[in-house]
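>>> generate a structure from the sequence data that follows.
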Amino acid sequence: MPILGILASSTRVAAGDFESIATVTVGSGGSSSVEFTSIPSTFAHLQIRGISRLGSGSGTLPTISLQFNGDTGANYASHQIRADGSSVSTDAGSNQNQIAAISSAGNTQTASVFSGTVLDLLDYANTNKFKTIRALTAADFNGTGWFDFRSGLWRSTSAVTSIKLYGAQSFAQYSHFALYGIKSA
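Below you'll find the model as predicted:
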């Protein structure tokens, strides 16, 4: 039973309460972004499960950002807590043009290692409130690694109909993201 599914709905979630909406696997040559479009408004919440590695460029733990419905305005905020076994760090940003949502494995880490993420988008179709996300990401690099918890806000009451994920570097081949709808109780 997925822990984030339980937290998202505040009730017990059975395996059948998740419905696959779409999946994307990055092919040869990588991709600058991954997008989910035409998202139906028939679920209570959404969940993205993914494995990622950002390819070219530099950066120890590059960030994957989110934008909703093509909104590139300064309508987003995000918070982060990261631990690596010996230290803890925090970060936050407001009035941003994206949610800094996921830390990813990058090209400076052990070759072929991907990070794993579970991201919940709560009340995504509710037009009476702003939208919030929470994401858990982790990676292990043969004995070293990190754990990352992030939360974010989109200051809009619009229903989410599309989600764009992108990084400062391109997604490496075999990065994979799956979008699920979580049914209401």
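>>> can we go C-alpha only for contacts and neighbour counts from here?
Noted.
>>> so which residues make contact with stretch 135-147?
With contacts defined as Cα atoms under 8 Å, 6 or more residues apart in numbering, stretch 135-147 is touched by 82-85, 101-105, 109-110, 113-120, 148-151.
>>> center of the chain, which residue is that?
Leu119 (4.6 Å; Cα atoms, centre = their mean).
>>> shaky segments in the protein?
Along the chain, the parts satisfying pLDDT under 70 run over 1-16, 56-60, 185.
>>> quick one, helices of it?
With DSSP state H, the ranges of helices along the chain come out as 3-9.
>>> circling back: mark which of the contacts of stretch 135-147 are buried, thanks.
Buried members of these, scored by 16 or more other Cα atoms under 10 Å, are 82, 101-105, 109, 113-120, 148-151.
>>> inside strands: which ones of those?
Among the buried ones among the contacts of stretch 135-147, DSSP state E puts 82, 101-103, 105, 115-120, 148-151 in strands.
>>> okay, how far is it across stretch 84-98, tip to tip?
Stretch 84-98 has an end-to-end distance of 25 Å (criterion: Cα to Cα, to the nearest Å).
>>> which residues does it contact?
If you take Cα under 8 Å, 6+ apart as the criterion, stretch 84-98 is touched by 65-67, 71-83, 144-147.
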